[in-house]
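In: prediction below, plus the sequence it came from.
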Amino acid sequence: MPEHVVGVDVGGTTIKSALVDAGSGILMGQRFVADTPRPATPTAISECVAEIVRALAPTDATPVGIALPAVVRRGVVETAANIDPSWIGYPVEDSLHTALARPVTAVNDADAAGIAETRRGAAAAGSGVVVVTTLGTGIGSALLVDGTLVPNTELGHLPMSGRPAEHLASTAAREREGLSYVKWAERLTAYYGLLESLLTPDLIVVGGAVSASADRFLPHVRTRAPIVPAALGNDAGVIGAALAGRRVADQPVVMPAAG
């Protein structure tokens with residue numbers, strides 16, 4: 001296993017990245033932040049990511065983990081949220097593997113946050129069923145059972161009052177409707193109640209940028225399971241992407257034949 005992995009977290013507004021210690025999940029220096037290209041096509045983002053990766057870790061031996069706002073299955077993007085629709089069907093792992101000549105692993109961004117919080121964040125001491133949610137433009141989710149990720153759950157799309165839950169309970173919904181934190185907490189209580197009726201989690205972790213203001217709304221959210229703010233903030237996606245990237249770190253890089 002290599003000492004370091006490059007973690008890249010692609011968002012609708014910015015691309016965050018850092019060199020991460022493969023064993024501890026600790027950032028090896030400051031995060032690098034770049035604007036997400038417009039339009040956010042596979043080619044534009046791949047070129048930006050390649051430039052960032054080469055700057056952070058010029059040696060081809062350093063693997064890469066990349067978190068995307070999308071369902072990613074077997075290295076292929078299947079949905080597109082806050083990035084260009086042309087991502088759907090794009091073989092992101094193979095394409096970046098070829099461009100960078102190093103191992104690449106792609107993962108859903110909420111799953112990356114869940115991996116990070118389970119490894120060294122708010123869920124590090126937990127076991128059983130853990131749900132990590134990221135509240136922002138939508139609601140991302142990560143489901144972990146005894147530390148093992150069940151990928152691509154997309155629990156923010158569950159129906160609530162006849163609409164996708166994220167249309168009613170996300171940070172964007174609170175801002176759009178001018179809800180107070182207390183009123184928003186009522187929506188979150190309904191949402192997390194829905195999750196509990198389906199999954200009976202042992203712990204709920206609330207992430208996203210708004211987790212920094214957790215004391216303003218989380219005390220008003222009523223759940224059966226303990227509910228706590230995420231611990232890693234904006235570093236969670238980068239750390240989780242890097243930790244996911246370890247799973248291909250020992251595979252040989254095979255470049256396609258010329259011609």
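Out: Sure, I can see it. Residues are numbered from 1 along each chain as shown.
In: just the terminal-to-terminal distance for stretch 160-175.
Out: From its first residue to its last, stretch 160-175 covers 19 Å (C-alpha to C-alpha, to the nearest Å).
In: remind me which residues of the stretch 101-250 of the chain are low pLDDT?
Out: Along the stretch 101-250 of the chain, segments meeting pLDDT under 70 span 247-250.
In: show me where the stretch 151-259 of the chain has its strands.
Out: 159-160, 163-164, 203-207, 227-229 (DSSP state E, counting those that start in this stretch).
In: minimum distance to A55: which of these has it?
Out: Smallest distance to A55 across the strands of the stretch 151-259 of the chain (C-beta to C-beta): 27.4 Å, for strand 203-207. Every C-beta, even on glycine, is put in place using the N, C-alpha and C of the backbone.
In: which other helices and strands contact that closest one?
Out: Applying 3 or more C-beta pairs under 8 Å, 6 or more residues apart in numbering; DSSP states H and E, one finds that strand 203-207 contacts helix 109-120, strand 129-135, strand 227-229.
In: run the last query once more with 10 Å
Out: helix 109-120, strand 129-135, strand 139-145, helix 181-199, strand 227-229, helix 236-245 (3 or more C-beta pairs under 10 Å, 6 or more residues apart in numbering; DSSP states H and E).
In: partners of it in the sheet?
Out: The pairing partners recorded for strand 203-207 under DSSP bridges are strand 129-135 (parallel), strand 227-229 (parallel).
In: and that strand with strand 139-145, angle?
Out: On the basis of axes from the mean of the first three to the mean of the last three C-alpha atoms, to 10 degrees, strand 203-207 is oriented at 150 degrees to strand 139-145.
In: mind checking how far strand 203-207 is from the chain centre?
Out: Offset of strand 203-207 from its chain centre (C-alpha atoms, centre = their mean, to the nearest Å): 14 Å.
In: and the angle from that strand to helix 181-199?
Out: Going by the same axes, to 10 degrees, strand 203-207 makes 140 degrees with helix 181-199.
In: pull out the buried positions in strand 203-207.
Out: Buried residues in strand 203-207, defined by neighbour count with 16 or more other C-beta atoms under 10 Å: 203-207.
In: contacting residues for N82?
Out: Shown in contact with N82 (C-beta atoms under 10 Å, 6 or more residues apart in numbering): 10-13, 36, 40, 68-70, 109, 136-138.
In: report the distance from the host helix or strand of C48 to the chain centre.
Out: Per DSSP states H and E, C48 falls inside helix 42-56. Relative to the chain's own centre, helix 42-56 is displaced by 18 Å; criterion: C-alpha atoms, centre = their mean.
In: name the SS class of V20, please.
Out: At V20 the chain is in strand, as set by DSSP: H, G, I helix; E, B strand; the rest coil.
In: do the one 3 residues further on as well
Out: Look at G23: counting by three-state DSSP, its state is coil.
In: what distance do you get for it to R216?
Out: Counting by C-beta to C-beta, to the nearest Å, the gap from G23 to R216 is 36 Å.
In: again with P63
Out: In this structure, P63 and R216 are 39 Å apart, going by C-beta to C-beta.
In: quick check, central residue of the chain?
Out: Central residue of the chain (C-alpha atoms, centre = their mean): D109, 2.1 Å from the mean position.
In: and it, what does it touch?
Out: Contacts of D109 (C-beta under 10 Å, 6+ apart): 9-11, 66-70, 72, 81-82, 134, 136, 140, 142, 236-237, 240-241.
In: look up the closest residue to it, ignoring the ones flanking it.
Out: A67 (4.2 Å; C-beta to C-beta, 6 or more residues apart in numbering).
In: can you name the element that comes right after the helix or strand harbouring the one you found?
Out: A67 is part of strand 64-68, with elements assigned from DSSP H and E. Following strand 64-68 in sequence order, the next helix or strand is strand 72-73 (DSSP H and E).
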